[in-house]
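Visitor: Below: sequence and its predicted model.
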Amino acid sequence: MAGGRYDFYLKKCLLPIPPNKLQIKIKNANDTVNLINDGQVNLLKKAGLTDIEFECVIPQVKYPFAVYKNGFKKASYFLDYFEKLKTQRKPFQFIVARRMPSGKRLFHTNFRVSLEEYSITEEVGEGFDLKVKFKLKQYREFGTKIVKIKTKKKDKKPKTNTSKPRETDNSPAPLSPQAYTVVSGDCLWKIAKYFYGDGSLYTIIYDANRDVIGGNPNLIYPGQVLIIPPV
């Protein structure tokens, strides 16, 4: 997107230099079955998990075209952050925000993902800068089923009672972000409470709308259109 801008977020970490290429592989879990007469049918099932791959440059020095949310950070800061995402074994939000040169927003990519693997490459031609290649996989919340078996005293026949799936702590995230127009009396805490049920998650909304809100999350105005990322 010549002249436009991409913002890549791994959880709350904004990559200083956006990747040149993003590959999103949307899979199906359909089954093809061979019939007796040598024909085939395709059994349609729910979509499989999406795979995401990209490679980015992590600079060792501050470039004028690089973007840092909270001031310049050395490459070691980002490497430590990536390692924590891997070792904590918790899903996190992957967001790509796209904007035209005029500032107009395009569509967003927003997935809850796990960090499957990443590799670090150093090349003489790149100076001291590093290249990091990521492989992410879409994460879906799931519940469990509890089966209770009771035996009657008379006939000793087992009776099976299957309960409803246990609700998980976090509901599955929507497939796409929502747009919300600020009205009089709104604040980010109130909006997060409405959409997420938890006002303390207002920072997710703020991080996704910094270019609209500005540097102070407490200053929002009626008529502003905010992107509400799923969590």
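Guide: Yes, it's here. Residues are numbered from 1 along each chain as shown.

Visitor: For the protein, name the helix or strand with the lowest mean pLDDT.
Guide: Ranking every helix and strand in the chain by mean pLDDT, DSSP states H and E puts strand 158-162 at the bottom, with a mean of 44.

Visitor: any weak-confidence spans in the protein?
Guide: Counting by pLDDT under 70, the ranges of the chain that qualify are 1-4, 36-38, 143-145, 147, 152-176.

Visitor: Give me the helices and strands touching the biggest helix by length in the chain, please.
Guide: In the chain, taking DSSP state H as the definition, the longest helix is helix 75-87. With contacts defined as 3 or more Cβ pairs under 8 Å, 6 or more residues apart in numbering; DSSP states H and E, helix 75-87 has these neighbours: strand 5-10, strand 51-58, strand 109-122, strand 130-138. C-betas here are computed from N, CA, C, even on glycine.

Visitor: Now tabulate these in TSV and tack on distance to residue 178 and mean neighbour count.
Guide: Below are the helices and strands packed on helix 75-87 laid out as TSV (distance: least, Cβ to Cβ, whole Å; neighbours: other Cβ atoms under 10 Å):
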stretch	distance to residue 178	mean neighbour count
strand 5-10	17	19
strand 51-58	21	18
strand 109-122	10	16
strand 130-138	19	18
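
Visitor: Give the burial count for the nearest residue to residue 6 once chain neighbours are set aside, as a bare number.
Guide: Distance criterion Cβ to Cβ, 6 or more residues apart in numbering; nearest residue to residue 6, sequence neighbours excluded, is residue 18 at 4.1 Å. Using other Cβ atoms under 10 Å, residue 18 has 20 neighbouring residues.

Visitor: What's the separation between residue 18 and residue 96?
Guide: 8 Å (Cβ to Cβ, to the nearest Å).

Visitor: Mutual contacts of these two, please.
Guide: 6, 7, 8 (Cβ atoms under 8 Å, 6 or more residues apart in numbering).

Visitor: if I read this right, the second one contacts residue 105, doesn't it?
Guide: No - here residue 7 lies out of contact with residue 105, judged by Cβ atoms under 8 Å, at a distance of 10.8 Å.

Visitor: Pull up the overlap in contacts between these two.
Guide: 97, 99.

Visitor: Residue 192 sits in which helix or strand?
Guide: Assigned by DSSP states H and E, residue 192 belongs to helix 188-196.

Visitor: Can you work out which other helices and strands pack against that helix?
Guide: strand 178-181, helix 202-208, strand 225-228.

Visitor: among those, which is nearest residue 138?
Guide: helix 202-208 (18.0 Å; Cβ to Cβ).

Visitor: C-terminal to the closest one, what's the next element?
Guide: That would be, after helix 202-208 and using DSSP H and E, helix 210-213.

Visitor: Could you name the helices and strands sitting against that following helix?
Guide: Using 3+ Cβ pairs under 8 Å, 6+ apart as the test, helix 210-213 ends up in contact with strand 225-228.

Visitor: ok, and what's touching the strand it packs on?
Guide: 97, 105, 108, 177-182, 191, 195, 205, 208-209, 212-213, 220.
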